[in-house]
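[1] Could you work out the structure for the sequence below:
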Amino acid sequence: MLRWTVSSTDSFLIGYNDLDNEDNWVEADGTQHSYSRWRSSEPNGGVLENAVMMYARDADDWIDVNVESSRQFICKADIGASAIPQPTVNPSCSNGWESNGGSCYYFSSDQKTYSQAQTQCKSMDSDLITIDSEAEWNYTLGYIRYRYYTRDYWVGLTDIGVEGTWVWENGGKEPTGTYHWLAGAPDNSGGSEHCARLDRYNGYQDASCDGAIYYICEDDLYISDAPRSIQTTIQSTTSAVITWTTPLQMDSQNADLIGYKFYYWIRNKQSETTQSVTISSPDTFELVFDSLSPGTTYEFYMTGYNSYGEGVASDPPGNFTTVSAQLRSENYALNIYRIAKGVYLQSHVIFSTEAITLQHCTNICTGVLSCQSVNFHHKATTRAKTCEINEGTRESYSSDVVSDSDYIYAGL
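    Predicted coordinates:
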């Protein structure tokens, strides 16, 4: 049909492409066909030519071409077919940014050195892109191949700290020797190639950080890092304390941290025993668990969250085991505590919890190996009253004993 309606020199883009997989030529909808009309020695453009152009009047009329040049094109629609819906734009991404997964991406139209690019990204509350999954790798390559196949881009990967150890801006490492690196890379040619670019030939190449090229910024919508330095301290047969530090990047990507989610369960019983605790403050770094089972191993993980939801979870899960219940003889139990009303031992509190009665408070102390006495706030108007677990006794620390009518002291 085209031979009778256009000039002999006209050419058109058609839907065939190998954008997703090099040398795997498919229709625009992903359909594969055995029919083709490649010109002799075509296709020959490799990773730089991923679209197909058809000449209107040549007998062998297909050649592979780049995707960036403007050309005539032919559209096809089945009779009665509805319009293809346009891609959904994430309203959380700023104008000019692209959305994929839980991140927004900015593909620059200007060129900068590595440090200039990172500064520019941070000015937009983002960082140079960290590619930490196959899905993200495929998305980034696909986006570039569709639009900017001749461009090289800075990514957030350097070995500036230690030669040969390639680290992402978020602290993750990218091992050398993977297929993501181009053949022979990284090679630190000239001893001055310490920044990685995503090369137009679809792989990482080390380069001088002072060169000016395009760059990709990434803004994680969700918290991009897990809480660090998580520590557990067992306080009793039924109590444990969890402490942690903030996520790694609090200057830009995670500045919108709202708080933390903590999930815990009895080992090997995750599906039926998982419980959660929400801490609605980014400045809280301690969580006290009471009412645990004695002599039981628990596993747990933590995650930060913001208005979009939960972020990266701590991995692997942590664990702790509570102290087994202490068994003492009946005569020992009857004589174990000496009680003094209106007395308070200060400066020796191991931790503070709540108890309903003095007996409840001393029972907690009995289960704590280092507990030697308690301060019980018996005049509190609430049902659950303050129970302070002490590591010393009033006999051992007489100078720290004060009068306080609100408290009852009970010591070994």
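[2] So which bits of stretch 18-35 are buried?
    For stretch 18-35, the neighbour count (16 or more other C-beta atoms under 10 Å) marks 18-19, 25-26 as buried. Just so you know, the C-beta spots here come from the backbone N, C-alpha and C atoms, and that holds for glycine as well.
[3] Gln270 - how many residues pack around it?
    13 (other C-beta atoms under 10 Å).
[4] Any idea how many residues pack against Pro316?
    Around Pro316 there are 8 other residues, counting by other C-beta under 10 Å.
[5] Quick check: phi and psi on it?
    Per-residue torsions, Pro316: phi -80, psi 170 (degrees, to the nearest 10).
[6] What confidence value was assigned to it?
    pLDDT for Pro316: 89.
[7] For the stretch 101-250 of the chain, give me the ranges with low pLDDT.
    Applying pLDDT under 70 to the stretch 101-250 of the chain flags residues 247-250.
[8] one more time with 90
    Low-confidence segments of the stretch 101-250 of the chain, defined by pLDDT under 90: 101-102, 125-126, 132-135, 138-139, 141-150, 169-179, 200-202, 220-229, 234-239, 245-250.
[9] For it, just list every one of the strands.
    Per DSSP state E, counting those that start in this stretch, the stretch 101-250 of the chain carries strands over the ranges 103-107, 127-128, 153-162, 165-168, 195-199, 203-207, 214-220, 228-234, 240-245.
[10] so what does the fifth one touch, helix or strand wise?
    Other elements packing on strand 195-199 under the criterion 3 or more C-beta pairs under 8 Å, 6 or more residues apart in numbering; DSSP states H and E are helix 134-147, strand 153-162, strand 203-207.
[11] and the first one, how far out from the chain's middle?
    Meaning helix 134-147. 20 Å (C-alpha atoms, centre = their mean, to the nearest Å).
[12] which parts of it are buried?
    Quick answer for helix 134-147 (16+ other C-beta under 10 Å): 136, 139-141, 143-145.
[13] Can you list the helices and strands that it packs against?
    Against helix 134-147 (3+ C-beta pairs under 8 Å, 6+ apart) you get strand 98-100, strand 103-107, strand 195-199.
[14] Could you check the angle the second one makes with strand 153-162?
    So the one you mean is strand 103-107. Here strand 103-107 runs at an angle of 100 degrees relative to strand 153-162 (axes from the mean of the first three to the mean of the last three C-alpha atoms, to 10 degrees).
[15] Just the angle for strand 103-107 relative to strand 214-220, thanks.
    Going by the same axes, to 10 degrees, strand 103-107 makes 160 degrees with strand 214-220.
[16] Then the last one?
    Using the same axes, to 10 degrees, one finds that strand 195-199 and strand 214-220 are set 100 degrees apart in direction.
[17] Just give me how far strand 195-199 sits from the chain centre.
    Counting by C-alpha atoms, centre = their mean, strand 195-199 is centred 22 Å from the centre of its parent chain.
[18] partners of that strand, with directions?
    Strand 195-199 has the following sheet partners, assigned by DSSP bridges: strand 153-162 (antiparallel), strand 203-207 (antiparallel).
[19] follow-up on the earlier one: among the helices and strands packed on helix 134-147, which is the most enclosed?
    Scoring the helices and strands packed on helix 134-147 by mean neighbour count under mean count of other C-beta atoms under 10 Å gives strand 195-199 as the most buried, with a mean of 25.
[20] Contacts made by that strand with the rest, please.
    Contacts of strand 195-199 with the rest of the structure, by C-beta atoms under 8 Å, 6 or more residues apart in numbering, involve 114, 140-141, 144, 152-155, 157-158, 160, 166, 174, 182, 186, 204-209, 213, 216.
[21] So for Asn24, what's the nearest residue that isn't a sequence neighbour?
    Asp18 (5.5 Å; C-beta to C-beta, 6 or more residues apart in numbering).
[22] doesn't Asn50 make contact with that neighbour?
    Yes: in this structure, Asp18 is within contact of Asn50 by C-beta atoms under 8 Å, at 5.4 Å.
[23] Find residues that contact each of these two.
    Listed as contacting both Asp18 and Asn50 by C-beta under 8 Å, 6+ apart are Asp64.
[24] Thanks again, I'm all set now.
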